[in-house]
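*Asks:* return a 3D structure for these sequence lines:
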Amino acid sequence: MMTKGQLRRAWQRPLYPNVTVLLGDPRLPDLSKRDGRFHEEDLAACAAMKAAFASLPGYAFRYLDDHSTMLDELRTGPLQFVINFCDTGFCNDPLRELNLPAYLEMLGVPYSGAPPAALVLAWDKSVTRAAAAALGIAVPREVWIGPQDDVAAALPEEYPAFVKPACGDGSVGITQASIVHDRCAAEQRVRAVRAQLPGRAMLVQEFLCGTEYGVGVIGNPERALTVLPPLEVDYSALDPALPRLLGFESKAIPDSPYWSQIRFREARLDASARALMEVAATTMFARLGLRDYGRFDFRADAEGRIKFLECNPNPAWANDGKLAYMAGFAGLSYADMLRLILEAAQARCATEAGGAMAIPDRAG
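*Replies:* Sure thing, here's the model as predicted:
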């Protein structure tokens, strides 16, 4: 892990100074947001990101967020480098998140973030869980229920349990009702989410009632991979009667206690627990083929055993997101975090374009 001084290294001349940033389209519906549309806080996050990028010397940024013209603008170029911050998916459809990086690859344009194959793997939480288990990483027990499966026959016997879509984004389909305490409640919840998200497989998972953590990674294994200080979700101010989880209410409903009463803080961990999560995060980063940055979520069970929950390629880049919090724990500003992602992606792309010797001298 790099020291804070190394992370805050001096400015270096950009490899690709002209950068195009791809974003979600605020004109279109977005089911991961309340009322299915962009709101003031979403626009404020975009404004903060643009201001942070503008503070980085040597770069010129332009922004594309109109998806009705985006493909034409990408095709006609000219493009030197693309930051893919369109984590909403093309046309704000999470099922189409892989479309833009696939299109950029067809055009031969270097870009930041996970490639299409990694986005496909990470989209299905049951697949990432299986990959983690195969690598010896502790995971929660779970039952996978297909879209056509008989719900009652497939349900587990162990409760409380956590019911959630096997594939999803923005915690859509996850609310305080997702924690169930018996088979009847589990069946009702599976059917309710099936109605909300037709054709989606479901997971009924062991509910981990211990401390919840996040681990952020910036960089690439072949050059330098930085693990940021882990984050801990602080539920201490939340009504004790409410289930402890980060669901849709915590991300999209401002008048919910989940929005206002949950905090993030630097994790209080001993060295062995911290090392366990760092190794799991970097192992999964490489195994799933992530690039440039990623976030990994963990939670402890009742006995304190930390288990891997899920992987987030191209995680939220906003100044109030988990990754930004973790960067802050490392003594980095929001602009520093964006710079590290940008530099990691550009160094990787320059190497891929012609080998390590193709990276120009940036000392001057």
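
*Asks:* any idea how far the residue most central in space within the chain lies from Phe85?
*Replies:* Centroid-nearest residue in the chain: Pro315, 2.6 Å away (criterion: C-alpha atoms, centre = their mean). Distance of Pro315 to Phe85, computed by C-beta to C-beta, to the nearest Å: 11 Å. Every C-beta, even on glycine, is put in place using the N, C-alpha and C of the backbone.

*Asks:* the residue nearest to the centre of the chain against Tyr325, yeah?
*Replies:* No - if you go by C-beta atoms under 8 Å, Pro315 and Tyr325 don't touch, sitting 11.5 Å apart.

*Asks:* let me know the secondary structure of the residue nearest to the centre of the chain.
*Replies:* coil (DSSP: H, G, I helix; E, B strand; the rest coil).

*Asks:* residues contacting it?
*Replies:* The contact partners of Pro315, by C-beta atoms under 8 Å, 6 or more residues apart in numbering, come to 87, 216, 293-295, 321-323.

*Asks:* taking those residues together, which two end up most distant?
*Replies:* Taking C-beta to C-beta, the two most distant members of the contacts of Pro315 are Asp87 and Gly216; they sit 14.8 Å apart.

*Asks:* so which of these two has more stuff around it?
*Replies:* Taking other C-beta atoms under 10 Å, Asp87 and Gly216 do not tie; Gly216 has more neighbours (27 against 21).

*Asks:* gap between the more buried one and Ala273?
*Replies:* 16 Å.

*Asks:* would you list every one of the helices in the stretch 51-200 of the chain?
*Replies:* All helices of the stretch 51-200 of the chain, identified by DSSP state H, counting those that start in this stretch, fall at 70-76, 99-107, 116-123, 125-134, 151-154, 183-196.

*Asks:* and what of the stretch 201-350 of the chain?
*Replies:* Assigned by DSSP H, counting those that start in this stretch, the helices in the stretch 201-350 of the chain fall at 248-252, 257-260, 271-287, 322-329, 334-354.

*Asks:* could I get those as JSON lines with distance to Ala138 and mean neighbour count?
*Replies:* What follows is these, written out as JSON lines (distance: least, C-beta to C-beta, whole Å; neighbours: other C-beta atoms under 10 Å):
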{"stretch": "helix 248-252", "distance to Ala138": "25", "mean neighbour count": "21"}
{"stretch": "helix 257-260", "distance to Ala138": "27", "mean neighbour count": "16"}
{"stretch": "helix 271-287", "distance to Ala138": "8", "mean neighbour count": "18"}
{"stretch": "helix 322-329", "distance to Ala138": "21", "mean neighbour count": "22"}
{"stretch": "helix 334-354", "distance to Ala138": "29", "mean neighbour count": "20"}
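
*Asks:* want to try a markdown table for the ones you listed, with mean pLDDT and distance to Ile137 as columns?
*Replies:* Below are those laid out as a markdown table (pLDDT from 0 to 100; distance: least, C-beta to C-beta, whole Å):
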| stretch | mean pLDDT | distance to Ile137 |
| --- | --- | --- |
| helix 248-252 | 92 | 25 |
| helix 257-260 | 95 | 28 |
| helix 271-287 | 97 | 5 |
| helix 322-329 | 98 | 20 |
| helix 334-354 | 95 | 24 |
